[in-house]
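Engineer: Here is the input, now give the coordinates:
(one chain, ligands or ions: 1)
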Amino acid sequence: MAVEVQPMVVPVVDMAMLVVGMDLLLDLAEVAVVGLEMADWYLNMARGPLRHLLNLYSTKNNFSRVTNFLHSNRFLHHLHPFESRFYPSPHPQITNPMKFKPSYFTQFSDFYIFPYFNVHTICALSDNVKKEPASNLTEKVESEPKLECGGDGFTESELGNEDTWSEHERLNFVQIANRDPVEIYKDIRDAVKSEKQSRADWDTLTEIFRSFSKSGWASSQALAVYIGASFFPTAVHEFRKFFFKKCKTDLIKYLVLLGPGDGADKFLFPVFVEFCIEEFPDEIKRFRKMVDSADLTKPHTWFPFARAMKRKIIYHCGPTNSGKTYNALQRFMEAKKGVYCSPLRLLAMEVFDKVNTLGVYCSLLTGQEKKDFPFSNHVACTVEMVSTDELYDVAVIDEIQMMADSSRGYAWTRALLGLKADEIHLCGDPSVLNIVRKICSDTGDELVEQHYERFKPLVIEAKTLLGDLKNVRSGDCVVAFSRREIFEVKLAIEKYTNHRCCVIYGALPPETRRQQATLFNDQDNEFDVLVASDAVGMGLNLNIRRVVFYNLSKYNGDKMVPVPASQVKQIAGRAGRRGSLYPDGLTTTLHHDDLEYLIECLKKPFDDVKKVGLFPFFEQVELFGAQLPNITFSQLLMEFGENCRLDGSYFLCQHQHVKKIANMLEKVQGLSLEDRFNFCFAPCNIRDPKAMYHLLRFASSYAQKLPVNIAMGMPKCSARSDSELLDLETRHQVVSMYLWLSNHFEEESFPYIKKAETMATDIAHLLGESLLKASWKPESRNARNTKLQQEEDVYQRPRSLVKLQEKKRHEKSLPKQRLEKVAA
Ligand SMILES: Nc1ncnc2c1ncn2[C@@H]1O[C@H](COP(=O)(O)OP(=O)(O)OP(=O)(O)O)[C@@H](O)[C@H]1O
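Structural biologist: Numbers count the residues shown, from 1 in each chain. From the prediction side, this is the model:
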């Protein structure tokens with residue numbers, strides 16, 4: 001008897017197979033170029049589920065197995081990403097298995113829609129089969145079709161409660177509720193004109209359409225048939241006109257009975273879909289193309305050559321100062337050909353120098369510089385610059401946990417997915433271990449985990465500095481999270497103690513940071529204390545005895561927030577490095593109130609990151625842009641962000657920085673899309689108006705096909721005040737930006753590279769000199785600091801920081817005595 005149910009299931013399963021099959025074909029076509037081995041790999045990947053599905057299908061009536069399988073990740077993995085987006089809301093007409101018609105599928109000539117329908121249909125069928133014996137079900141289909149109304153429609157019994165309806169009307173309504181939406185649509189389409197209705201009915205109908213046009217549910221369901229959110233109102237408007245012009249009385253009466261809201265929306269939706277498919281094929285095609293071009297799912301398939309390789313991934317997993325990078329670099333140096341991917345220019349430079357000193361010829365490649373070492377087979381580069389075309393024996397990706405970085409994470413993801421290396425060494429904390437495991441299972445790479453412990457445990461000094469910078473000792477690194485605080489601390493220490501301070505913060509060029517680090521490490525001078533920002537957390541080998549946190553909150557570009565535990569660990573871990581003067585590391589805080597938070601951070605286990613960053617290649621943005629020819633580049637980026645699809649393991653990296661530059665460059669005529677894309681990634685401090693001005697100038701000259709000139713004077717001497725120091729920092733940034741652009745555009749357009757290189761070296765030198773004698777009070781760089789001060793009032797700090805905050809506020813009210821207070 002159950003065989004009667006099968007005709008419903010057959011097309012569904014067929015369609016599911018079609019989906020998998022189509023995916024498979026597309027994938028095969030994509031990788032055909034790679035060769036047979038690759039195609040075989042794909043077949044094995046995709047055929048498994050396909051075969052499994054066939055087996056299930058051939059097992060008669062095993063609905064729950066079919067359902068389970070369709071729900072399983074293995075199957076969903078092979079479905080179009082739309083599935084995951086629309087999966088939670090079943091189609092109203094199809095939720096009810098009795099209403100489901102195999103013909104429904106053929107109405108949509110778009111196979112992407114099937115998964116959306118079929119999983120729910122099969123679930124519903126399966127539930128029904130579970131609830132009732134198949135024999136009853138078959139009888140029901142034949143004898144009681146009227147009881148099985150679609151969606152939120154009415155059953156006959158419900159209609160029977162309404163006294164006002166005649167028997168004829170009631171039967172009519174039940175019939176309408178049960179009609180195939182395709183037929184309803186055709187009836188309306190083929191009608192000559194609509195029949196006369198009462199004023200009240202027209203009004204209700206108007207309300208129904210108003211509600212439909214505003215229905216978030218309908219709008220999001222419409223995406224499944226490629227009616228975009230921006231086109232949805234127009235489509236509904238046209239549908240309304242069509243409906244009002246030709247609709248029949250019984251249908252109107254039925255809708256009036258449903259009234260505005262969910263019931264009517266769900267009834268109208270499939271009719272609306274029919275209308276759209278017939279009326280707007282071009283719009284649907286265009287939107288579908290657009291959606292397809294913003295498909296960022298399955299990023300592992302973007303690198304077919306890397307997929308064709310048998311790669312071995314070695315995850316060196318552990319806290320700071322545990323020897324991860326050391327071991328990875330040993331393999332790098334042993335290899336015939338290797339690449340080291342660094343999170344910072346500074347670290348790339350360190351590895352470049354270290355490796356060359358040890359006799360392994362190595363080149364350097366960062367956004368700003370290319371240093372080709374003759375006969376070298378090794379390269380130390382910044383992670384953004386690594387080539388996914390070159391073949392390597394060994395690659396090292398340092399600080400792999402930065403895959404989860406909200407802005408730059410995509411660069412690590414790209415390196416992990418795309419590097420063509422037999423052996424890839426990942427160094428980092430355990431926070432991304434689980435996601436790397438998942439990625440490796442997607443890519444088919446072998447994963448080997450090596451776990452590390454710190455050479456010597458980090459000791460927390462409970463005594464703290466008791467709020468007194470006079471308690472600073474030789475070998476201390478005082479960490480503050482703003483430039484202003486760094487200079488305040490330096491000033492106070494140098495004024496009230498015999499120590500001299502080196503400083504390290506993000507805005508300093510790598511050369512200057514290295515010079516300051518060398519000065520601090522060298523025992524034969526008076527500079528024995530380091531005052532640094534979080535920039536100290538990565539990349540420098542420093543002889544730090546103790547890390548002292550001046551405070552534990554920082555400005556995140558929007559407001560003051562507690563420093564994340566992972567960052568606190570990373571920074572504190574800088575104390576006591578193996579092989580340094582102080583192998584036993586200590587850490588503490590300036591104020592006792594902060595100690596609790598420091599302990600909390602260091603005790604906290606590493607986060608388990610669920611998603612890592614992704615960003616489209618230029619080609620993907622270009623393809624997407626082709627569907628939206630009349631919008632600006634920043635609008636294009638916004639549209640991309642809104643329409644792109646990602647699977648659950650990835651997020652789209654923040655691109656406010658890119659958008660801000662894109663907005664500024666909007667008025668520059670003559671730049672191609674690719675030029676704009678490249679200019680937007682230039683390393684420019686978007687909060688510095690001077691740097692932004694120079695970027696605009698560079699882009700304008702480039703657009704006019706003029707040789708781009710640096711056109712910026714060189715200061716004659718080192719800075720004598722904080723504003724002069726700020727000016728030097730900005731100048732270096734501008735020169736650095738010029739060098740970056742010269743590496744990303746044709747050299748003829750940026751002909752003053754040599755001049756820029758000399759300027760960069762000279763400014764870095766001047767900055768170094770300036771820092772040696774810096775003994776002035778810091779000034780605000782811009783409104784940011786003012787904003788920061790204003791926001792301190794609203795900021796909710798962790799309990800341990802609240803008292804400190806109050807203390808600080810009090811100190812601010814007495815600016816003249818401030819330094820004395822900090823020191824005493
Ligand atoms: N086997 C070793 N022999 C000699 N020195 C070592 C060894 N392992 C590590 N070191 C030294 O210990 C210090 C810390 O090692 P390394 O930089 O590899 O740690 P890490 O775990 O990568 O830390 P981080 O994440 O902070 O970079 C380095 O100065 C390194 O040279």
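Engineer: May I ask which helix or strand encompasses residue 392?
Structural biologist: strand 391-397 (DSSP states H and E).
Engineer: where do the helices sit along the stretch 551-700 of the chain?
Structural biologist: With helices called from DSSP state H, counting those that start in this stretch, the stretch 551-700 of the chain shows them at 565-572, 595-603, 618-627, 633-643, 656-665, 673-680, 689-703.
Engineer: so what does the helix or strand just after the strand holding residue 392 touch, helix or strand wise?
Structural biologist: Heading C-terminal from strand 391-397, the first helix or strand you meet, by DSSP H and E, is helix 409-418. Where contact means 3 or more CB pairs under 8 Å, 6 or more residues apart in numbering; DSSP states H and E, helix 409-418 is packed against strand 391-397, helix 433-443, strand 612-614. To be clear about C-beta, it is placed using only N, CA and C from the backbone, and glycine gets the same treatment.
Engineer: okay if I get these as a markdown table plus distance to residue 418 and mean pLDDT?
Structural biologist: Shown next, in a markdown table, are the helices and strands packed on helix 409-418 (distance: least, CB to CB, whole Å; pLDDT from 0 to 100):
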| stretch | distance to residue 418 | mean pLDDT |
| --- | --- | --- |
| strand 391-397 | 10 | 96 |
| helix 433-443 | 10 | 94 |
| strand 612-614 | 12 | 93 |
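Engineer: Which of these sits closest to the ligand?
Structural biologist: Closest approach to the ligand among the helices and strands packed on helix 409-418 is made by strand 391-397 (10.4 Å; CB to the nearest ligand atom).
Engineer: Now do the biggest strand by length in the chain: everything it contacts.
Structural biologist: Counting by DSSP state E, the longest strand found in the chain is strand 420-428. Outside strand 420-428, the residues within contact range by CB atoms under 8 Å, 6 or more residues apart in numbering are 305-306, 309-317, 324-325, 327-328, 331-332, 335, 339, 388-402, 416, 436, 445.
Engineer: and those residues near the ligand, which?
Structural biologist: 324, 325 (CB under 6 Å from any ligand atom).
Engineer: which of the contacts of strand 420-428 are buried?
Structural biologist: In the contacts of strand 420-428, burial by neighbour count holds for 306, 309, 311-317, 324-325, 327-328, 331-332, 335, 339, 392-402, 416, 436, 445, counting by 16 or more other CB atoms under 10 Å.
Engineer: does the closest residue to residue 578 other than its chain neighbours sit in a helix, a strand or a coil?
Structural biologist: Distances taken as CB to CB, 6 or more residues apart in numbering place residue 455 nearest to residue 578, at 4.6 Å, with adjacent residues excluded. State at residue 455, reduced to three classes by DSSP: H, G, I helix; E, B strand; the rest coil: coil.
Engineer: mind listing what residue 455 touches?
Structural biologist: 321, 322, 323, 578, 583.
Engineer: Tell me the predicted confidence for it.
Structural biologist: You'll see residue 455 listed with a pLDDT of 84.
Engineer: Can you tell me the strand partners of the longest strand of the chain and which way each runs?
Structural biologist: When pairing is defined by DSSP bridges, strand 420-428 lines up against strand 312-317 (parallel), strand 391-397 (parallel).
Engineer: Identify all contacting residues around the strand holding residue 392.
Structural biologist: So strand 391-397 is in contact with 325, 328-329, 331-332, 334-341, 383, 386, 412, 415-416, 419-427, going by CB under 8 Å, 6+ apart.
Engineer: what angle separates that strand from helix 409-418?
Structural biologist: With axes from the mean of the first three to the mean of the last three CA atoms, to 10 degrees defining the directions, strand 391-397 sits at 140 degrees from helix 409-418.
Engineer: thinking again about what came up before, filter the contacts of strand 391-397 to the buried ones?
Structural biologist: So, by 16+ other CB under 10 Å, the buried ones in these are 325, 328-329, 331-332, 335, 337-341, 383, 386, 412, 415-416, 419-421, 423-427.
Engineer: So which residues on the protein come close to the ligand?
Structural biologist: 318, 320-326, 427, 541, 573, 577-579.
Engineer: Drop the exposed ones from those and show what's left.
Structural biologist: Buried among those (16+ other CB under 10 Å): 318, 320, 321, 322, 323, 324, 325, 427, 573, 577.
Engineer: picking up where we left off before, out of the helices and strands packed on helix 409-418, nearest to residue 254?
Structural biologist: Nearest to residue 254 among the helices and strands packed on helix 409-418 is strand 612-614; the distance by CB to CB comes to 47.3 Å.
Engineer: Distance from the chain centre to that closest one, please.
Structural biologist: Distance of strand 612-614 from the chain centroid (CA atoms, centre = their mean, to the nearest Å) equals 4 Å.
Engineer: which neighbours does that strand have in its sheet, and in what orientation?
Structural biologist: Counting by DSSP bridges, strand 612-614 is paired with strand 650-652 (parallel).
Engineer: For the partner strand, give me every contacting residue.
Structural biologist: Here strand 650-652 makes contact (CB under 8 Å, 6+ apart) with 296, 299, 406, 409, 413, 611-615, 641, 644, 646.
Engineer: likewise stretch 379-389?
Structural biologist: Residues outside stretch 379-389 that contact it (CB under 8 Å, 6+ apart): 303, 306, 338-345, 348-349, 351-352, 355, 362-367, 395, 397-398, 402, 408, 411-412, 414-415, 418-420.
Engineer: Need the distance between the two termini of it.
Structural biologist: Using CA to CA, to the nearest Å, the end-to-end distance of stretch 379-389 comes out at 14 Å.
Engineer: If you average the pLDDT over it, what comes out?
Structural biologist: 94.
Engineer: before we move on, back to that, quick one: the residues of the chain next to the ligand as CSV, columns for pLDDT and distance to residue 523 too.
Structural biologist: Shown next, in CSV, are those (pLDDT from 0 to 100; distance: CB to CB, whole Å):
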residue, pLDDT, distance to residue 523
318, 92, 29
320, 86, 23
321, 85, 20
322, 88, 26
323, 90, 24
324, 93, 27
325, 93, 25
326, 93, 23
427, 96, 29
541, 79, 15
573, 89, 22
577, 80, 15
578, 81, 18
579, 77, 15
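Engineer: Give me the angle between the helix or strand where residue 222 lies and helix 633-643.
Structural biologist: Residue 222 belongs to helix 216-223 when assigned by DSSP H and E. Inter-element angle recorded for helix 216-223 and helix 633-643: 100 degrees (by the same axes, to 10 degrees).
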